[in-house]
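> Can you look at this prediction? I've put the sequence above it.
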Amino acid sequence: MTRPIKFRARIISEKRMVEVRQVQFTDGVFIYILDKENDMHLPKDVELLQYTWVNDRNGVEIYEWYLVKYIAWNWNQELQTFTNPVFYDVDFASFCLGNEHSFRALAIDDGKEVVWNVYENPLLVNQLSWEQSSTEHEYNFIN
């Protein structure tokens, strides 16, 4: 079975998402992307989101940093509904759901549902402060 390697990209200056047609590397250095309209975007203005190879229960492709709703066992051994971002964990070499305190591997059969993409929901983007450190993303909601 082959898994497609697909990306979407957030164009930071334009505050929009694009479908990526081509990613150009030279000697292991990210040079630029071309979107579906053949517009070139440079690394300083791009945040790449990789496809996780998993779709939600409605067939929506799940990419990194999408918020996903799913049901799982909590610490009290009760079923609970969680909503968490998808991220790639280098130590586990897999896409995961959760946060820095508690997370689980993203599985194919969870009955999960994409709640929203932080970049494409204009109502929620204005309420969200996106902070990025060298190792992780954090969501901070502003009231």
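Structure received.

> so residue 5 makes contact with residue 50?
Yes - using Cβ atoms under 8 Å, residue 5 is in contact with residue 50, at 7.5 Å. Where C-beta positions appear, they are placed from N, C-alpha and C, glycine not excepted.

> Pick out whichever of those two has more residues nearby.
More crowded of residue 5 and residue 50, by other Cβ atoms under 10 Å: residue 50, with 16 against 9.

> what's the helix or strand where that one lies packed up against?
Under the criterion of DSSP states H and E, residue 50 resides in strand 46-55. Judged by 3 or more Cβ pairs under 8 Å, 6 or more residues apart in numbering; DSSP states H and E, strand 46-55 is in contact with strand 7-11, strand 61-63, strand 94-98.

> Reformat those strands as TSV; add mean pLDDT and distance to residue 21.
Formatted as TSV, those follow (pLDDT from 0 to 100; distance: least, Cβ to Cβ, whole Å):
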stretch	mean pLDDT	distance to residue 21
strand 7-11	90	9
strand 61-63	91	16
strand 94-98	86	23
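
> Out of these, which is closest to residue 73?
Residue 73 sits nearest to strand 94-98 of all those, at 13.1 Å, using Cβ to Cβ.

> how long is stretch 70-84 from one end to the other?
End-to-end distance for stretch 70-84, by Cα to Cα, to the nearest Å: 8 Å.

> Over to stretch 52-69?
End-to-end for stretch 52-69, by Cα to Cα: 15 Å.

> Report pLDDT for the residue of the chain positioned farthest from its centre.
No residue in the chain sits farther from the centre than residue 76, which is 28.5 Å out by Cα atoms, centre = their mean. pLDDT recorded at residue 76 is 87.

> related to what we said a few turns ago, could you give the separation of the strand holding residue 50 from the chain centroid?
Strand 46-55 sits 6 Å away from the centroid of its parent chain (Cα atoms, centre = their mean, to the nearest Å).

> and residue 3, helix, strand or coil?
Put simply, residue 3 is coil when judged by DSSP: H, G, I helix; E, B strand; the rest coil.

> The one 10 residues further on too?
Classification of residue 13 by three-state DSSP places it in helix.
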